[in-house]
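Undergrad: Fold the following, please.
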Amino acid sequence: MNLARLERHQHPSPPRHELRNRGVYASTGRYLGNVTHLYVDDDKKLRFVDVVTGGSWAWEGSTT
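TA: Okay, the predicted model is just below:
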């Protein structure tokens, strides 16, 4: 399976909604960060997202 990062103007296959800039929360309700990038497979099916955590020393981590 090949993965590709979508450009800002690109979107995954329906029924996905725009997830970029949305908040990500743990099951406990704790805020984790915001979605920045979307990664899709060859069929444009959403597979992974990048979540940037707060602060000036933000790091990126992938989650499903």
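Undergrad: low-confidence ranges in the protein?
TA: For the chain, the stretches flagged by pLDDT under 70 are 55-64.
Undergrad: Spell out, range by range, the strands that occur in it.
TA: 4-5, 23-25, 31-40, 46-52, 60-63 (DSSP state E).
Undergrad: What lies in contact with the longest one?
TA: It stands for strand 31-40. Strand 31-40 has contacts (CB atoms under 8 Å, 6 or more residues apart in numbering) with 3-6, 12-13, 19-26, 46-54, 58, 60, 62. All C-beta spots, glycine's among them, are computed from the backbone N, C-alpha and C.
Undergrad: got it, and the shortest one?
TA: The set of residues external to strand 4-5 that reach it, using CB under 8 Å, 6+ apart, is 37-40.
Undergrad: Out of these, which two are the most distant from each other?
TA: H37 and V40 (10.6 Å; CB to CB).
Undergrad: Please identify which of these two sits among more neighbours.
TA: Per other CB atoms under 10 Å, whichever of H37 and V40 has more neighbours is V40, with 20 against 17.
Undergrad: Quick check: the more buried one vs T28, distance?
TA: 29 Å (CB to CB, to the nearest Å).
Undergrad: Skipping its backbone neighbours, what lies nearest the spatially most central residue of the chain in space?
TA: Nearest to the geometric centre of the chain sits V49, at 2.5 Å (CA atoms, centre = their mean). Closest residue to V49 apart from its sequence neighbours, by CB to CB, 6 or more residues apart in numbering: V35 at 4.9 Å.
Undergrad: Ok, R20 next?
TA: Spatial nearest neighbour of R20, excluding adjacent residues (CB to CB, 6+ apart): V35 at 5.4 Å.
Undergrad: tell me which residues form a beta bridge with that neighbour?
TA: Per DSSP bridges, the residues bridged to V35 are V51.
Undergrad: Now for it, how many residues are close by?
TA: Count around V35 with other CB under 10 Å applied: 17.
Undergrad: Ok, the one 10 residues further on next?
TA: The burial metric for K45, expressed as a neighbour count using other CB under 10 Å, is 11.
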